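Asker: sequence unknown, structure follows:
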């Protein structure tokens, strides 16, 4: 995963060291030597994450972080303080200033990289929800706009997973004194049952809770519909860096190192609860804003009007960030024959099934829209041509391999699609991008159907795809 990282430190040697390490991990690094310079860079071209030193002249890291989080445009920007300060009071002060993490030097490189990747993943999701809210606002469909400051993170419902009853009791007591509602369980099975039946704002998991595998529990919670979006806070031993890194990669949002500092526990819980509720408000505003004017009544997908407006925003964001953007446009092969042979109700059911299949086989922040008739579009931010072709091939294979059974239709319907891929360039307008994807799709049709063609590439036979297509993520 690539990301633009801003490193802020007044010591040149520290900057060069972090820059070299992050660049070696394929991050795009920009630097600032003071708080004022950092704020100027953030205002003109916001990064994906900020690594911020605390001890700087004129304006220290606490003040810089406070200013970043005070500005609505950058309030959701992840900030990690990297400093020689090691007192728990300093960590708490940083977290209360809005920092997403507070790492003490010397920092384990692998832990730092894992933390950066996890926070960037969360920011990508938040960026997509914010962009969708902004798009809806352009249609005058929002009566209110979500704000990170609208909630103080109080009165949260929290699940504690800790086999040690004494340790669990202390955590529950601390959270209750802070005004939260906390319940503790001693096993992964009990945690999964609670997660399925009760709504929680946060789940805290001890990685040293007996024989239960806390990492496996993390994975199960992320795959369970009821808990997929619930923040996970890991509680780890200081020496358990390897499992912490794995937990962040699996999808944990934050962590606490034992022995637990009461104020740090409260600060980290508050940060995660506020972010979760902010994302919930973004989602609720977005869902309320949708209407028949923006969605296709047959498939439930976005319609062409909304997709076009959203693509404009994605192209603009691509120009500003330099990150790739790809468009997939595909058409159901010989769809007219289905309507002519079996009738329009069967054709409508085929369209609905295809829409469901596409939605299930792309990422949550990719946008799927019905372009018109039997044509569909998938907008894929942060996706290169090679990766987009790989996703398209996987989708094409899935559709071709699963005949569609429609009630009232005597035989299962063998349906295939022809797919065109186009990648955006800084000079592209949205119409240019769609036109190139459409031309590539017609090359796929002309080449025999049931295949994928990227704009500017030769027709590719599906039987040769494995030799030329980059493996799917």
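Answerer: Arrived safely, thanks for sending. Fair warning: this is a prediction, and the values are worked out from it, not measured in the lab.

Asker: residues of stretch 323-335 that come out buried?
Answerer: If you call a residue buried by 16 or more other C-beta atoms under 10 Å, then stretch 323-335 has these buried ones: 323, 324, 325, 326, 327, 328, 329, 330, 331, 332, 333, 335. Just so you know, the C-beta spots here come from the backbone N, C-alpha and C atoms, and that holds for glycine as well.

Asker: may I ask which of the residues you listed comes out lowest in pLDDT?
Answerer: Among the buried residues of stretch 323-335, residue 323 carries the lowest pLDDT, at 91.

Asker: please report how far it lies from residue 199.
Answerer: The gap separating residue 323 from residue 199 is 34 Å, by C-beta to C-beta, to the nearest Å.

Asker: can you list the low-confidence ranges for this protein?
Answerer: 1, 137-150, 209-212, 289-293, 456-473 (pLDDT under 70).

Asker: grab the longest helix from it for me.
Answerer: For the chain, the helix with the greatest residue count under DSSP state H is helix 109-138.

Asker: okay, buried residues for that one please.
Answerer: The neighbour-count check on helix 109-138 (16+ other C-beta under 10 Å) flags 111-124, 126-133, 135-136 as buried.

Asker: for the very next helix or strand once past it, which outside residues touch it?
Answerer: Per DSSP states H and E, the first helix or strand lying C-terminal to helix 109-138 is strand 157-161. Surrounding strand 157-161, the residues in contact under the criterion C-beta atoms under 8 Å, 6 or more residues apart in numbering are 168, 171-172, 175, 180-188, 190-191, 194-195, 198-206, 209, 212, 214, 217, 269.

Asker: kindly recompute the last result at 6 Å.
Answerer: The contact list for strand 157-161 (C-beta atoms under 6 Å, 6 or more residues apart in numbering) reads 168, 171, 175, 180-185, 191, 194, 200-205.

Asker: just the buried residues of those residues.
Answerer: 168, 171, 175, 180, 182, 184-185, 191, 194, 200-205.

Asker: in helices, which of the residues you listed appear?
Answerer: For these, the ones inside helices are 168, 171, 175, 191, 194, with DSSP H as the criterion.

Asker: closest to residue 401 among those?
Answerer: residue 191 (36.3 Å; C-beta to C-beta).

Asker: what sits against the closest one?
Answerer: Counting by C-beta under 6 Å, 6+ apart, residue 191 touches 161, 185.

Asker: report how many residues lie close to residue 23.
Answerer: Other residues within reach of residue 23, judged by other C-beta atoms under 10 Å, total 12.

Asker: any idea how far the residue most central in space within the chain is from residue 271?
Answerer: In the chain, the residue lying closest to the centroid (C-alpha atoms, centre = their mean) is residue 125, at 3.1 Å. Separation of residue 125 from residue 271 (C-beta to C-beta): 16 Å.

Asker: with residue 231 instead?
Answerer: As for residue 231, its distance to residue 271 is 9 Å (criterion: C-beta to C-beta).

Asker: residue 384 too?
Answerer: 33 Å.

Asker: ok, the two, which is more surrounded?
Answerer: A direct count of neighbours by other C-beta under 10 Å for residue 384 and residue 271 places residue 271 higher, at 21 against 15.

Asker: how far is stretch 18-34 from where the chain is centred?
Answerer: 22 Å (C-alpha atoms, centre = their mean, to the nearest Å).

Asker: return the set of buried residues in it.
Answerer: Neighbour-count burial for stretch 18-34 flags 18, 19, 21, 22, 25, 27, 28, 29, 31, 32, 33, 34 (criterion: 16+ other C-beta under 10 Å).

Asker: in three-state terms, label the closest residue to residue 170 other than its chain neighbours for me.
Answerer: Using C-beta to C-beta, 6 or more residues apart in numbering and skipping the chain neighbours, the partner closest in space to residue 170 is residue 260 (7.8 Å). At residue 260, secondary structure determined by DSSP: H, G, I helix; E, B strand; the rest coil is coil.

Asker: give me the number of residues near residue 260?
Answerer: Other residues near residue 260 come to 18 when the count uses other C-beta under 10 Å.

Asker: about what we covered before: distance to residue 454 and secondary structure added to the buried residues of stretch 18-34, as a markdown table?
Answerer: Below are these laid out as a markdown table (distance: C-beta to C-beta, whole Å; DSSP: H, G, I helix; E, B strand; the rest coil):
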| residue | distance to residue 454 | secondary structure |
| --- | --- | --- |
| 18 | 37 | helix |
| 19 | 34 | helix |
| 21 | 34 | helix |
| 22 | 31 | helix |
| 25 | 28 | coil |
| 27 | 27 | coil |
| 28 | 25 | strand |
| 29 | 30 | strand |
| 31 | 36 | strand |
| 32 | 38 | strand |
| 33 | 43 | coil |
| 34 | 45 | coil |
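
Asker: span of stretch 47-67 from start to end?
Answerer: Taking C-alpha to C-alpha, to the nearest Å, the first and last residues of stretch 47-67 lie 15 Å apart.

Asker: got the contact list for that stretch?
Answerer: Residues outside stretch 47-67 that contact it (C-beta under 6 Å, 6+ apart) are 3-10, 35, 38, 78-83, 85, 97-99, 116, 119-120, 123.

Asker: let's go with 8 Å and repeat that
Answerer: Contact with stretch 47-67 is made by 3-11, 14, 18, 30, 34-36, 38-39, 41-42, 68, 77-85, 90, 93-94, 97-99, 116, 119-120, 123, as judged by C-beta under 8 Å, 6+ apart.

Asker: next one: it to chain centre, how far?
Answerer: 25 Å.

Asker: go on, stretch 400-415?
Answerer: 34 Å.

Asker: ok, now how distant is the residue nearest to the centre of the chain from residue 229?
Answerer: For residue 125, the distance to residue 229 - C-beta to C-beta - is 9 Å.

Asker: now do the shared contacts for those two.
Answerer: Here residue 125 and residue 229 have residue 279 as joint contacts, going by C-beta under 8 Å, 6+ apart.

Asker: fine by me, we can end here.
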